[in-house]
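Undergrad: my questions are about this predicted structure, shown below with the sequence.
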Amino acid sequence: MSVRVVARIRPLLEKELDKDIIVHAASTEDGKPSTLVKIPSPKNGAEEFTFAFNSVYDQQTSQEELFTAEVAPHLKSLFQGLDITLFAYGVTGTGKTHTMRGGMKLAERGVIPRLLSGVFRRSKKITKDTDGATSVSVALSYYEIYNDKVFDLLEAPEKRTPAGLPLREANGKTHVVGLSERPCEDLKDFEKLYIESNLNRVTASTKLNAHSSRSHAILRVKVTQVTEEGVLESIASAIDLAGSEDNRRTDNGKERLVESAAINKSLFVLSQCVDAISRGDRRIPFRESKMTRILSLGQNNGITVMILNLAPLRSYHLDTLSSLNVSSRAKRIEVREIENEIVYKQVPRTNSGNVSGVARQPLRPLVNAHNIHAGAVAAKEKEKEKEKEKPATDKPVKLFNVYTDRSKPVVPAKPTIAMTSPTGFRPANTTVKRAAVPVLKRSETESGIARPSKITRPSYTSLPMPSKPAQPSVPAEPAQPAISADLIEAMVEKKVAEILASREAASRSQEALVQPQPEISDAVQKRLDALERRIEDGRHDDSKSEGLRFLLMARQHKERGEDASALKMYEMALPYFPGQVKLLAKMERLKLKLAAKAQGKDSGIDIGHESGSSTVSRKKKVHRQTESEDCDASEADDDEEDYSRNRKKTKKAKALKLDLPLDDTPLTPHMQELLDIINSKDLSAIMGLQGFGPKKARDLVDYLAVAREEEDGTITSLAQLRAIPGMGGRAVERAYEGLVADRA
Ligand SMILES: Nc1ncnc2c1ncn2[C@@H]1O[C@H](COP(=O)(O)OP(=O)(O)OP(=O)(O)O)[C@@H](O)[C@H]1O
């Protein structure tokens, strides 16, 4: 199914009543609903352009009419397991926020509050219709992309780190690492949360809109349905994009101009993505902005509705034409209508029954348990506590989080048991393509061999809790599905205390800090980056990846400045990497930092590797150290795919090991090819070179554009290439070796 694109023309605002209207809704035939937008040519007023959409809503269209026609029909699909993406697109001041959020009065409520109202109403109905056999829970995440950085809107702005939250690709989706998620019991709960978090969003007054959104805001509504048989999760995303603006018309000051440049750039990338997809290009520039990476138009599954907001005024003429052009091409984008899979609950499994010997991981509580409103979930917790007291045989112990909506080869469709079950989620629907091979998946899972990592993959929302952190090789015991936030805290405290006690001697030992153990240390950071992908591929060693999860969590906490929790996570990772020097050093630094904090000092502490150095030099040293750590953390944002690809090439090239002559004239065909790739300034091509990650590639392209502007950014020899900052050392040789190895 293609992206559904509808246009909405806003009415004139009070101050615009005397202005000229040039945008009109029209229909193909009298009496039929409008599907056309008509606008005069800017060059010749007598000539008219017509753009066709799935629907067009004129100035009189109410909020309710729009919701009823465009969003309400998809609620059913959401509960059938399809993800839904709704986004408002248009020039600044055309009514995107009005459409998505709307006003406070009931009639003025926009798509988002109505969507939530519909979700809660449907949840209640399902629970009622199934006599409580199906329970539905709703959880929200809300974040903004401001100046191409991602910030959690559910967290107070003071908690923001300047770099924002990193993104990571896993399972064909882009995830925001460290994003919080809050359970939402009812509409009141939602409204409170939504109103509060909208105050965290960056808006400002511009000449074109008194309350202009300076960021793209993304609300993610996760609907989880639980029955006796399994769990079905689906997500509705509602996106209020910031509006493009012509800065010749805005009189924006410096700060607004910077924002505007970021907004316009991301929207420009979006339009390039739309163009590339509609042209059928192989390379879609999704990765050139965070917004397009997250939106992943045409790569996402489910249902996508794009609402094009238009102002009818002549003053918006060129901007309106440009957004009409982009949107009408977006209609051609195909979205795979694939349901998320049901996550089956399993029959309780004993260790002896686990023939494959693969250690199952326990169900984990939410990572953001600290974010959960105690009041809102107290009742639920009580209920869960009661359930825990039931005999183990009453309830399957584990849920297998194996849902995926990745496109897969569709085998001759055979509905799964649960899909046709009376308490199940959805009868077979012939119009919807099934996610592939559910039957096979089930049998794989039952064999205990298939992709165990997916079961408890953190998805950035789950707190890893090893049942036996001190003995990582022992298969984890089945976890109880309900653990209260207090209980988690208590367990964490207990385990940390245990681990701290057992590790005290080692962590204090300076010897341990200086004795190199290279076989693990350098791999940890990169493995951390690669973890998500490898978990999906099922290539990891269970106990190690468990430890890596803790490291990942630790780093997320550390990035947020939550040193105490970061230390806890490192402590929990330690049993998986016994004696790991780098890890021990990190823990030691954190401990010292925390101790200094507790004594009211600042964080300028030496970790004490070297004795006898002056305080000043020690502080400098620590500063450098912190910088290098920050650098590590920022690299987490790099695409793991690039990493693994480069790593593969490194292996290949190592075997090859070529001596690239310093004097590179005349150029060999391979040398020329290398320069051609560099000179193409095509990020994806450059990233294909060995040793070139996204950052390095981008830096190179930027350098060529600026520093070698006069030569048209062209490099003609390897010597010139070597002279570019960042290309020294072995960089050029490695790229060359990789290229030769590839062509060999
Ligand atoms: N359908 C509508 N009915 C009544 N008023 C509307 C409608 N659409 C927009 N408005 C009004 O137009 C003004 C601009 O709308 P809004 O702030 O939603 O624009 P926007 O596209 O989100 O702008 P920006 O991109 O700058 O955030 C607001 O005062 C809003 O109330």
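TA: Cool, got the structure. Residues are numbered from 1 along each chain as shown.

Undergrad: and the helix ranked longest in the chain, what's buried?
TA: Ranked by number of residues, the top helix in the chain under DSSP state H is helix 254-279. Neighbour-count burial for helix 254-279 flags 256, 259-260, 262-278 (criterion: 16 or more other C-beta atoms under 10 Å). Using the backbone N, CA and C atoms, a C-beta is placed for each residue, glycine as well.

Undergrad: low pLDDT regions in the stretch 401-550 of the chain?
TA: The model of the stretch 401-550 of the chain has pLDDT under 70 over residues 401-547, 549-550.

Undergrad: show me what from it comes close to the ligand.
TA: By C-beta under 6 Å from any ligand atom, no residue of the stretch 401-550 of the chain approaches the ligand.

Undergrad: now do the contacts for Leu675.
TA: Contacts of Leu675 were listed using C-beta atoms under 8 Å, 6 or more residues apart in numbering, and they are 667, 715-718, 721.

Undergrad: between these, which is nearest the ligand?
TA: Distances from the ligand to the contacts of Leu675, taken as C-beta to the nearest ligand atom, are shortest for Ile715 (40.7 Å).

Undergrad: count the residues that sit near the closest one.
TA: Residues lying near Ile715 (other C-beta atoms under 10 Å) number 21.

Undergrad: same question for Arg282.
TA: Burial measure for Arg282: 6 neighbouring residues, criterion other C-beta under 10 Å.

Undergrad: okay, it: pLDDT?
TA: Confidence per residue is given as pLDDT, and for Arg282 that number is 81.

Undergrad: work out for me the element it sits within.
TA: With secondary structure defined by DSSP states H and E, Arg282 is part of neither a helix nor a strand.

Undergrad: which parts of the stretch 201-350 of the chain are helices?
TA: Counting by DSSP state H, counting those that start in this stretch, one finds helices in the stretch 201-350 of the chain at the ranges 247-250, 254-279, 290-295, 317-330.

Undergrad: redo these as TSV? Include mean pLDDT and distance to Glu48.
TA: Rendered in TSV, the data for the helices of the stretch 201-350 of the chain read as follows (pLDDT from 0 to 100; distance: least, C-beta to C-beta, whole Å):
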stretch	mean pLDDT	distance to Glu48
helix 247-250	51	24
helix 254-279	77	23
helix 290-295	89	32
helix 317-330	88	12
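
Undergrad: pull up the residues of the stretch 601-744 of the chain that are close to the ligand.
TA: That would be none, as no residue of the stretch 601-744 of the chain is within reach of the ligand (C-beta under 6 Å from any ligand atom).

Undergrad: show me where the stretch 601-744 of the chain has its helices.
TA: Secondary structure of the stretch 601-744 of the chain (DSSP H, counting those that start in this stretch): helices at 615-635, 640-656, 669-680, 683-687, 694-707, 718-723, 731-743.

Undergrad: mean pLDDT lowest for which of these?
TA: helix 615-635 - the lowest mean pLDDT of those, at a mean of 35.

Undergrad: coming back round to it: most neighbours among the contacts of Leu675, which one?
TA: Across the contacts of Leu675, neighbour numbers were computed from other C-beta under 10 Å; Leu718 holds the maximum, 24 neighbours.

Undergrad: do you know how far that residue is from Leu689?
TA: 13 Å (C-beta to C-beta, to the nearest Å).

Undergrad: next: Arg332.
TA: Between Arg332 and Leu689 the distance is 33 Å, computed by C-beta to C-beta.
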